[in-house]
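S.K.: make a model of this:
(one chain, ligands or ions: 1)
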Amino acid sequence: SADPAQDPSVPGRTFRTVGVIGLGTMGAGIVEVFARHGFDVIGVDVDTEGVDRGRQHLENSTGRAVSRGKLGEDEQAELLGRVRYATDIADLAGADLVVEAVVESLEVKKGIFRALEQVVAPGAVLATNTSSLSVTEISTANAHPGRVIGIHFFNPAPVQGLVEVVRTVVTEPAVLEDVTGLVRSLGKNPVVCGDKAGFIANTLLFGYLNHAVSMFEQRYATREDIDAAMRFGCGYPMGPLALVDLIGLDTTYEILETMYRQGRDRLHAPTPILKQMVTAGMLGRKSGRGFYTYEAPDSPRTV
Ligand code: NAI
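M.R.: Sure thing, here's the model as predicted:
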């Protein structure tokens with residue numbers, strides 16, 4: 001048939017109703033992005049508690065936009081009215097696109113992509129927001145892997161301008177074309193890449209951060225000078241060591257480890273001192289100490 005709703009290989013879908021599964025940090029932000037651009041959204045989380053958290057997140061975030069004068073109060077009400085909530089993915093039956101943003105677990109994600117087969121139309125696009133898992137592997141759980149694609153938003157989704165669109169070796173070109181068009185219509189800049197942990201931005205960013213940590217470890221330069229060089233020499237808003245403190249040394253280590261395991265690029269072999277600092281409880285800002293020390297009266301000093 002020549003109906004994109006029934007056949008993933010047919011281009012020219014009209015995306016009207018979007019399902020978002022998982023209403024945590026990313027999912028709630030993704031709901032906001034679509035609702036702001038006039039889509040009907042169905043947000044799904046495991047239980048009413050999860051749904052309430054997501055709803056609250058959306059109300060707070062749009063409330064801040066109102067108080068900053070970026071969104072009218074009536075616009076906010078309209079936006080919130082475009083979002084429905086559910087705890088059962090069976091309620092996504094009418095979705096033209098589903099964006100999965102649940103916990104970073106291959107088993108949980110595969111279970112969802114398997115179950116979606118029975119829920120949505122055969123041509124509906126199924127997307128994952130995964131940062132480090134294989135989109136290809138997730139796609140094999142669905143009977144139509146050609147309609148599966150990665151749509152990788154950045155945190156916070158309503159603010160960040162980049163969306164990485166990840167195609168697998170079996171993603172239908174029509175699906176890729178329709179999704180990049182959709183991302184553009186959200187006011188974001190889509191970039192397209194293959195299915196490798198880290199995609200474009202994190203592969204480059206974390207290789208750079210790892211190199212900065214390595215310079216620090218070798219006592220090649222002080223933390224202040226490493227950071228100052230990139231801020232004042234390259235115009236980066238923040239130096240690499242301060243950025244690792246912000247991301248968290250534990251998270252940085254995990255991301256590097258995942259990319260190194262999958263890509264075997266030495267650029268991503270975690271610098272040893274990173275693991276040592278994590279073991280010692282120096283996690284960065286959240287623990288009060290990383291490469292720098294932070295005043296954190298509300299969180300106990302661990303080191
Ligand atoms: P999170 O932990 O804040 O949210 C996950 C949500 O999924 C929770 O609300 C949880 O209740 C829900 N959930 C878990 N299992 C579920 C299920 N079976 N059905 C429905 N909902 C379920 O996680 P976060 O940070 O939002 O990450 C979500 C995804 O986005 C992950 O794949 C992560 O790799 C990716 N990602 C995260 C970024 C970040 O900066 N946090 C950036 C870009 C992508």
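S.K.: from here on, contacts and neighbour counts on C-alpha atoms
M.R.: Will do.
S.K.: low-confidence stretches in the stretch 201-303 of the chain?
M.R.: Across the stretch 201-303 of the chain, the ranges flagged by pLDDT under 70 are 296-303.
S.K.: which parts of it are helices?
M.R.: Here the stretch 201-303 of the chain has its helices, by DSSP state H, counting those that start in this stretch, at 201-217, 223-234, 240-247, 249-263, 272-279.
S.K.: which element follows the lengthiest helix in the chain toward the C-terminus?
M.R.: When the chain is parsed with DSSP state H, its longest helix is helix 48-67. Going down the chain from helix 48-67, the next helix or strand is helix 73-81, by DSSP states H and E.
S.K.: other SSEs contacting that following helix?
M.R.: Contact here means 3 or more C-alpha pairs under 8 Å, 6 or more residues apart in numbering; DSSP states H and E; on that basis helix 73-81 packs against helix 25-36, helix 48-67.
S.K.: other SSEs contacting the longest helix of the chain?
M.R.: For helix 48-67, the packing partners by 3+ C-alpha pairs under 8 Å, 6+ apart come out as helix 25-36, helix 73-81.
S.K.: which of the ones you listed sits most buried?
M.R.: With neighbours taken as mean count of other C-alpha atoms under 10 Å, the helices and strands packed on helix 48-67 reach their highest mean count in helix 25-36, at a mean of 24.
S.K.: quick check: next helix or strand after that helix?
M.R.: Following helix 25-36 in sequence, per DSSP H and E, is strand 40-44.
S.K.: mind listing what that next one pairs with, with the direction of each?
M.R.: strand 17-21 (parallel), strand 83-86 (parallel) (DSSP bridges).
S.K.: of those, give the one that comes closest to the ligand.
M.R.: For the strands paired with strand 40-44, the distance to the ligand is smallest for strand 17-21, at 5.2 Å, taking C-alpha to the nearest ligand atom.
S.K.: quick one on the thing from earlier: so for A141, which of the helices and strands packed on helix 48-67 sits nearest?
M.R.: A141 sits nearest to helix 25-36 of all these, at 21.1 Å, using C-alpha to C-alpha.
S.K.: could you confirm whether the closest one reaches the ligand?
M.R.: Yes - under the criterion of C-alpha under 6 Å from any ligand atom, the ligand is reached by helix 25-36 at 25-27.
S.K.: what is the mean pLDDT for that helix?
M.R.: Mean per-residue pLDDT for helix 25-36: 97.
S.K.: alpha carbons of it, as PDB, please.
M.R.: Written as PDB, here are the backbone C-alpha positions of helix 25-36 (Å, rounded to 0.1, in the frame of the first residue of the first chain):
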ATOM      1  CA  THR A  25      14.100  14.100  33.300                       C
ATOM      2  CA  MET A  26      14.100  13.500  29.500                       C
ATOM      3  CA  GLY A  27      10.600  12.200  28.900                       C
ATOM      4  CA  ALA A  28       8.900  15.200  30.600                       C
ATOM      5  CA  GLY A  29      11.100  17.600  28.600                       C
ATOM      6  CA  ILE A  30      10.300  15.800  25.400                       C
ATOM      7  CA  VAL A  31       6.600  16.000  26.200                       C
ATOM      8  CA  GLU A  32       7.000  19.700  26.600                       C
ATOM      9  CA  VAL A  33       8.800  20.100  23.200                       C
ATOM     10  CA  PHE A  34       6.000  18.300  21.300                       C
ATOM     11  CA  ALA A  35       3.200  20.000  23.200                       C
ATOM     12  CA  ARG A  36       4.700  23.400  22.600                       C
END
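S.K.: just how off-centre is it within its chain?
M.R.: Relative to the centre of its chain, helix 25-36 is centred 11 Å away, using C-alpha atoms, centre = their mean, to the nearest Å.
S.K.: then stretch 160-178?
M.R.: 14 Å.
S.K.: buried residues in that stretch?
M.R.: For stretch 160-178, a neighbour-count test (16 or more other C-alpha atoms under 10 Å) marks 162-168, 171-176, 178 as buried.
S.K.: hmm, which two among those are most spread apart?
M.R.: Among the buried residues of stretch 160-178, L162 and E172 lie farthest apart (C-alpha to C-alpha), at 22.1 Å.
S.K.: which one of the buried residues of stretch 160-178 is nearest Y260?
M.R.: Distances from Y260 to the buried residues of stretch 160-178, taken by C-alpha to C-alpha, are shortest for V166, at 19.1 Å.
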